[in-house]
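A.B. asks: Let's see this in three dimensions:
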Amino acid sequence: RIVLMTSDRAIYKQYALSGFAPYAMGKMAQIGLMNVLVVEGKEHGILINAISPVAKTRMWNVQDEPEDLRPDQVAPGVLYLASPECRESGFILRASNGQFTAARWIERDNVDYPLNLAAVESSTAEDLATRWQEIAADVAF
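C.D. replies: Next comes the predicted model:
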């Protein structure tokens with residue numbers, strides 16, 4: 001088992017912080033690395049997942065034991081992903097305050113990558129601009 005570490009500060013725009021560009025870049029790179037290692041590790045029985053923890057640590061400038069968002073509340077997620085009980089690969093386990101939820105990027109239905117994205121066709125930037133709401137219809141603003 002391989003468990004990589006990513007961050008909601010990189011994954012979700014609403015949690016990004018000014019000045020965190022190098023941090024965010026490194027944490028998003030973990031997801032790309034995970035996706036490639038999932039493919040490379042499959043034939044060898046190696047499972048790869050990532051954890052996206054939220055815990056009050058020195059990065060938050062917390063020196064004493066925090067009352068909430070404690071690191072020990074994230075630990076069960078890492079232990080599970082590294083254990084023989086975990087049989088999945090390619091997931092991001094979000095962990096915060098003793099709560100866990102899994103996420104992963106998957107392609108939309110009917111895509112025949114790379115030739116057909118099952119998407120809106122456009123041949124000019126102007127046409128793309130006029131059709132933007134249709135193109136971005138499935139994305140929350």
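A.B. asks: Now Gly90: closest residue in space that isn't a chain neighbour?
C.D. replies: Using CB to CB, 6 or more residues apart in numbering and skipping residues adjacent in sequence, the residue nearest Gly90 is Val38, 4.3 Å away. Where C-beta positions appear, they are placed from N, C-alpha and C, glycine not excepted.
A.B. asks: On the three-state scheme, the one you found is what?
C.D. replies: For Val38, the secondary-structure state derived from DSSP: H, G, I helix; E, B strand; the rest coil is helix.
A.B. asks: same question, the one 3 residues further on
C.D. replies: At Gly41 the chain is in helix, as set by three-state DSSP.
A.B. asks: how about Asn116, what does it touch?
C.D. replies: For Asn116, the contact set (CB atoms under 8 Å, 6 or more residues apart in numbering) comprises Asn110.
A.B. asks: What of the one 10 residues further on?
C.D. replies: Contacts for Glu126 were tallied using CB under 8 Å, 6+ apart; there are none.
A.B. asks: distance of it from Glu88?
C.D. replies: For Glu126, the distance to Glu88 (CB to CB, to the nearest Å) stands at 44 Å.
A.B. asks: Now do the domain split for the chain, please.
C.D. replies: Listed domain ranges for the chain are 2-103, 106-140 (source: the TED database).
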